[in-house]
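Engineer: Give me coordinates for this.
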Amino acid sequence: YRVQDLKGQPPKEYQYHLENQNQKIVGKTMPVPYLQDILREANTSSSLFHIHLLSEYLALVPPTTDEEGLIHWDPNLERVNIPGTVQSSNWSYRMRPSISTINQHQVLKDLMLKSRESVQADISPLPERKPHVYERQYSTQLPTKLRVLPGRSYPLGATWDGAGVNFAVFSENGYKAYLCLFETPESKTESHRILMPEYDDFVHHCYLPDLRPGQLYGFRIEGDWDPLNGLRFNSNKVLLDPYAKSIGRDLQWHDSLFPYNIQSPSPQKYLEMNTEDNSSFCPLAAVVDNSFTWGNDHPPNVPWHRTVIYEAHVKALSFQHPDVPEHIRGTYAGLCHESIIAHLKKLGVTAIELEPIHHHVDEKPILDKGLVNHWGYNTLSFFAPDLRYCATRSVLGAVHEFKTMVRVLHSHGIEVILDVVYNHTAEGNHYGAMFNLKGCDNLAYYKTPEGDPAYYFDYTGCGNSLNVRHPRVLQLIMDSLRYWIQEMHVDGFRFDLASALARQFHDVDKLSAFFDIIHQDPVISRVKLIAEPWDCSSGGYQVGNFPVLWTEWNGRYRDSIRGFWNGKGVSLGEFATRVTGSSDLYTAESGRSALSSINFVTCHDGFNLLDLVSYNEKHNDDNGENNND
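Structural biologist: Reported below is the predicted structural model:
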C-alpha cells in the first residue's frame, strides 16, 4: 500500500482516518478468479517461497468481495498468520484475533511480534495428503468459422496478446503455410486447416482473435520435394512450431513421422516421399500465457570467484529422495523442495547447472529396447520446458512450474544455469524423422556439404548440425537464449559441444557470427556463459581458445587432477599450474584470467565423483550395448 496525496475532496473508496487529512491510503484490488488461481497453484506447490508470495497478496487477512467481483483488503489491519485448516489448501489464513486472545496465548503473541519485526509469513504445513492436481481449463471448442487477420511477421511463433493469437513461421523456400488447429491431445487430425494469408521477410503469418492460451496447433508447409537439392517439403506432415513455448502433445513414434518411405527396401529410400499423414502421431505446440507472479524475484548475481556449480539432472536429483513428497519427485517442484535446497546449501552450492530441460525426443531404437534417453541431449524444442519433469502434467503446467522452481531457488541465493544443446536437433540425418526444422526449411536450418545437400554435416555424432551461418538460425538461437533469460529468469547457460557453434564454415572460428552476436547483445552478454570447448570433429578441441566473456569447462584441469591423484604420470608442475588458475591457457594478453576456467573433476560424461574413486571400469550392462556405450 502507498499513501497518495489528495487533490480536492477525498473519495469515499479506500478512505481512512489519517493524521494528515490531505492523504489517503490506496488499496489493492484483484479479480476473484485470479485469486483462486493463486490459491490452487499454492495448493500444488511445495515451495515455501510460493506461500510467502501468496501471503503478500492476501496480506494475511481474509478478503471481502464487492458487487463488482473485486477483492479488497483493509491495509490498516495487522498482518499475521495463525495455524489452522482451510479446505483444499495446504496453508491457512485467518483474521487477526483479539488483543486479549493474543495476550493469553504465548504462541500467538510470539507470532504477532515476529510478524511486526520481519513482515514475513509464518507457515504451518498440514499432514501430507494426496495432492490436488489443478489444471487451468481453457476452452478448446472452436467455432466452425474463425476470423483470420493478416497479423505480423514478428515475433516468430505463437504470441497471445490478451485479445487473440499471432502466428508466424519462417520458411525461405516454402510456397505456402497452413495453420493446423487441434481441439484435444487425442484428436486424430486438425479441426481447422487455415492458409496463412500473409508472407513477407520469408515469414508466413496470420492473427486469430478467436483463439486463447492452451490452443493446440502445428503447421503444414508446401514446397518442393527434392532431397538431392536439400529440399524436403512434405505437406502431409504436421510440423511442430520451432518457437513452441509449450508442448501440448508429445510425439508417438510411427512410420508417418518420417518424410520418406521408411519401409522401402531401397538403399536410397530417403529420396522416396512418404505421403502418409502424421497428424495422429506428431508433437503439437500449445499457445501460452506468459503472465506469472514473480514478486520481487531478482538474479542472485554471484560473482565468478565465489561461484560453486552443482551439475544435476531434474529427475535424478529428487526421484529417490525420501524427504521429497512422492508426487513431486523427479520434477521441477521436487527440485526446489526444502530438503533439496538444504542439501545444496550445506554443500556451499551457489549455482545449479541443469542437464537439458528443453523438451527432447527419446530415440526410437532406445525405446524399442524398453529404455529412455535419460540425459535428454536430443532437443525437440528450444523454448519449451520438458513435460517429463512437470508434476501437474497439464498443457501449460511445465512453464508455470519451471518459473516457480527458479523463483524459489533465487530466494535462497542459488542461480539456475541451463545446459543447452544448439549444435544439433532430434531430427537426425537423411534417414531421420521430420518433426519441425526439416519440414519448415531444411536447406536454411541445417548445414549440408557444398555440392551435396542431400546429406548433413555432423560435428556432434548425432546426425546433423545447425547452420549457424544463416541469419534465421542465429535468430532462433538468440531468441531462445533471451526467452530463457527474460521470461524464465535463468542466470546462465552451459553450451554443449560449443565448438560446433563456432564452425562458421568448417574450422572453428573464434570470430564467428555466433560470438559476435552474443557479445553485442545487451541481455545475453550479461549472464554466465560456459562453453564445453570441444566437439566430435577434427580441430574441435578448443580449451583456452574461446573469446572474452566466456568461461570454459577446463578439460586439462580435469585430466591433470585425476592423473596426479591416481599416479598416472602427471608432474607436480602440471598439477600446480592447474590448481592455480591455468595461466598458460588464460592470459591477460587474451583479455582473460583464471576466472575463465571452470575447474571440475567429474561431470555427467562418465563416472560421478563416488564412482570415480570406487571403480576402475564402467558397468553399463543395463543399457543393452555390451558395455560399449
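Engineer: Next, the contact list for the residue nearest the centre of the chain, please.
Structural biologist: Residue closest to the average C-alpha location in the chain (Cα atoms, centre = their mean): residue 385, at 3.9 Å. Shown in contact with residue 385 (Cβ atoms under 8 Å, 6 or more residues apart in numbering): 246, 332, 357-359, 398-399, 401-402, 488. Glycine gets a C-beta too; all of them are placed from N, C-alpha and C.
Engineer: cool, and residue 574?
Structural biologist: Contacts for residue 574 (Cβ under 8 Å, 6+ apart) come out as 560, 564.
Engineer: which SSE is it in?
Structural biologist: Residue 574 belongs to helix 572-579 when assigned by DSSP states H and E.
Engineer: heading toward the C-terminus, what's the first helix or strand past that helix?
Structural biologist: Sequence order places strand 597-598 as the next helix or strand after helix 572-579, per DSSP H and E.
Engineer: for residue 169, which residues make a bridge with it?
Structural biologist: Residue 169 forms beta bridges with residue 204, as assigned by DSSP bridges.
Engineer: For it, give me its contacts.
Structural biologist: Contacts of residue 169 by Cβ under 8 Å, 6+ apart are 156-157, 177, 196, 203-205, 219, 221, 241-243, 440.
Engineer: So which of these is the closest to residue 573?
Structural biologist: Nearest to residue 573 among the contacts of residue 169 is residue 242, at 49.8 Å by Cβ to Cβ.
Engineer: Now do the residue nearest to that closest one when sequence neighbours are not counted against residue 222, distance only.
Structural biologist: Nearest residue to residue 242, sequence neighbours excluded (Cβ to Cβ, 6 or more residues apart in numbering): residue 436, at 5.2 Å. Relative to residue 222, residue 436 is positioned 16 Å away (Cβ to Cβ, to the nearest Å).
Engineer: Looking at those two, which is more packed in?
Structural biologist: Between residue 436 and residue 222, counted using other Cβ atoms under 10 Å, the more crowded position is residue 436 (26 against 14).
Engineer: could you check the distance from that one over to residue 420?
Structural biologist: Separation of residue 436 from residue 420 (Cβ to Cβ) stands at 17 Å.
Engineer: same thing with residue 547?
Structural biologist: 18 Å.
Engineer: neighbour count winner among these two?
Structural biologist: A side-by-side neighbour count of residue 547 and residue 420, using other Cβ under 10 Å, places residue 420 first with 24 against 18.
Engineer: Would you quantify the distance from that one to residue 170?
Structural biologist: Counting by Cβ to Cβ - residue 420 and residue 170 are separated by 20 Å.
Engineer: Please report how far the nearest residue to residue 375 once chain neighbours are set aside lies from residue 395.
Structural biologist: Nearest residue to residue 375, sequence neighbours excluded (Cβ to Cβ, 6+ apart): residue 355, at 5.7 Å. Counting by Cβ to Cβ, the separation of residue 355 from residue 395 is 24 Å.
Engineer: So which of the two has more stuff around it?
Structural biologist: Ranked by neighbour count (other Cβ under 10 Å), residue 355 and residue 395 place residue 395 first, with 27 against 22.
Engineer: Just confirm that one is within a strand.
Structural biologist: No - going by DSSP: H, G, I helix; E, B strand; the rest coil, the assignment for residue 395 is coil, not a strand.
Engineer: From residue 231, how far out is it?
Structural biologist: 34 Å.
Engineer: Repeat that for residue 549.
Structural biologist: Taken as Cβ to Cβ, the span from residue 549 to residue 231 is 38 Å.
Engineer: now do residue 291
Structural biologist: For residue 291 relative to residue 231 (Cβ to Cβ), the value is 40 Å.
Engineer: Likewise for residue 539?
Structural biologist: 30 Å.
Engineer: out of those two, which sits in the busier spot?
Structural biologist: Between residue 539 and residue 231, residue 231 has the larger neighbour count (other Cβ under 10 Å), namely 17 against 13.
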